[in-house]
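Q: Fold the following, please.
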Amino acid sequence: MIGKNILIIGASQGIGAKTAEYLSDQGATVILAARNADKLKKIQTSISGRCYIIPYDLNDLEHIQTIFDFCMESGIKLNGMVYCAGVNHDIPIRNNDIGLMRETLTVNYMAFVEVCKYFIKKKYSEDDASIVAVSSHATNRISSGMSTYTSSKAALEAAVKVLAKEVTKRRIRVNAIAPACVDTEMIDHAPFINKEELCNVQPLGLIETAYISYLAEFLLSARAKYITGAVIPVSAGNL
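A: Numbering: from 1, shown residues only. Just a heads-up that it's a prediction; the model follows:
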């Protein structure tokens, strides 16, 4: 990762924050985007290497280009991106809320597509770059109350596979990681998940965020140069 410029979307907490810290420790310059400016500033102070922050709310699909213009104006051409942004509003279909559905689809899927639209432009990224999206094991192991979340992640995975085909001429690779339950703030607020009972369905335990960061680093690196269009599960035995 030494000398690489990596954009991390959704970097204010959870997998995104841990990935930012880890990639920085490996020598990367990290550019962190999320809507909570205070959390971004706190993470920035914990990172010893070069780190830039861009407060941005992904619900605003119309101005996503400003993230990439900031990078260009700062003299940064990107080698990789990790898309960790995600929201989850568990709700049964009988109680579906259009507003919550719209937000989930916007952040988990639509913003990813829009971010990629700019990332793949030559003025913003290098050839041989790599995009890594964080999806979810929920697309394979369906649970009650997760219709919108699961649908948004399934759409994300479809976009990953389509984009992987579209950018092969620039040798840009596009992959997704699909973890089961990870020890993040999101799972603490998920009403359909009981952490005490989780061992019954996920025998290897709650996944530590660092292990998703390790896999993201591999997919960003030249060691994964032949891997593209893949959705890699991290199940922890939740089969």
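
Q: doesn't Cys71 make contact with Tyr124?
A: Yes - using C-beta atoms under 8 Å, Tyr124 is in contact with Cys71, at 6.5 Å. Any C-beta I mention is one placed from the backbone N, CA and C, and that applies to glycine too.

Q: neighbour count winner among the two?
A: Cys71 (23 against 20; other C-beta atoms under 10 Å).

Q: So the more buried one, which state does it fall into?
A: helix (DSSP: H, G, I helix; E, B strand; the rest coil).

Q: residues in contact with it?
A: Counting by C-beta atoms under 8 Å, 6 or more residues apart in numbering, Cys71 touches Asn5, Leu7, Ile31, Tyr52, Lys77, Leu78, Tyr124.

Q: From those residues, list just the buried residues.
A: Buried residues within these, counting neighbours by 16 or more other C-beta atoms under 10 Å: Asn5, Leu7, Ile31, Tyr52, Leu78, Tyr124.

Q: Which per-residue confidence value corresponds to the third one?
A: You'll see Ile31 listed with a pLDDT of 98.

Q: now swap in the last one and tell me
A: pLDDT recorded at Tyr124 is 98.

Q: What distance do you get for Ser143 to Leu206?
A: 16 Å (C-beta to C-beta, to the nearest Å).

Q: To clarify, my last question referred to Tyr226.
A: Tyr226 is 32 Å from Leu206, by C-beta to C-beta.

Q: between those two, who's got more neighbours?
A: Neighbours per residue (other C-beta under 10 Å) separate Tyr226 from Leu206, with Leu206 holding more: 16 against 6.

Q: For the longest strand belonging to the chain, name the packing helices and strands.
A: Identified as the longest strand of the chain according to DSSP state E is strand 125-134. Helices and strands touching strand 125-134, by 3 or more C-beta pairs under 8 Å, 6 or more residues apart in numbering; DSSP states H and E, are strand 78-83, helix 111-119, helix 147-166, strand 173-179, helix 209-220.
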